[in-house]
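# no letters, just coordinates:
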C-alpha cells in the first residue's frame, strides 16, 4: 500500500477547467475549417448569376394629348406646356405643335393630363386651363387624351 504524505497538497478536482497560462501569454487562435469554402462560394455566385435575367424590355406606349380650345376663342397654337403625371408621381412634360397636340412615350399606367397657358394679344390676355384625370394608358388602347380647356380673358387698356 502506498500512503500519501500529509505534507503534499491534495489535487484539486477543478484544476482542468482553469487554463494554466499567465495573463501575459496570448491564448491560441481558434481553428476554423474552410474545407468546403471555395466550393460553397462558387455555388453561391452561380446561383446569383442564374437568377438574373437581363433580357427584360420596358414596354412603352405612345400617348397623344389634344388641347381643345373653346369656340369663339383663339386657334390652337404651338408651344403650350402639357404635363402628364403618373400615379407614381412621375411628371412628363412636352409642348404642343401647331395643331395643339403633344406627344409622349410613357410606360403603361394611370395618368393625369393637364395644361395651363396664357396668351396675350394686343387687346386681350387669355388664360387657358384644363385637366383630365384617371387616364388609363395601355399597349392595347388608342391612348388619345382630349383636354377641353376653360378660358378666362381680361381686357388690356392702352
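Structure received. All values derive from a computational prediction rather than experimental measurement.

# for this protein, what spans make up the strands?
All strands of the chain, identified by DSSP state E, fall at 61-68, 81-86, 91-95, 101-106, 109-120, 124-137, 144-148, 150-155.

# quick check: bridge partners of residue 132?
Beta-bridge partners for residue 132, by DSSP bridges, are residue 113.

# what's near enough to touch it?
Applying Cβ atoms under 8 Å, 6 or more residues apart in numbering, we find residue 132 in contact with 112-114, 145-147. All C-beta spots, glycine's among them, are computed from the backbone N, C-alpha and C.

# tell me the spacing between the nearest residue to residue 123 once chain neighbours are set aside and residue 122.
Sequence neighbours aside, residue 156 is the residue nearest to residue 123 in space, at 5.8 Å (criterion: Cβ to Cβ, 6 or more residues apart in numbering). According to Cβ to Cβ, to the nearest Å, residue 156 and residue 122 sit 7 Å apart.

# between these two, which one's more packed in?
Neighbour comparison, residue 156 and residue 122: the larger count goes to residue 156, with 11 against 6 (by other Cβ atoms under 10 Å).
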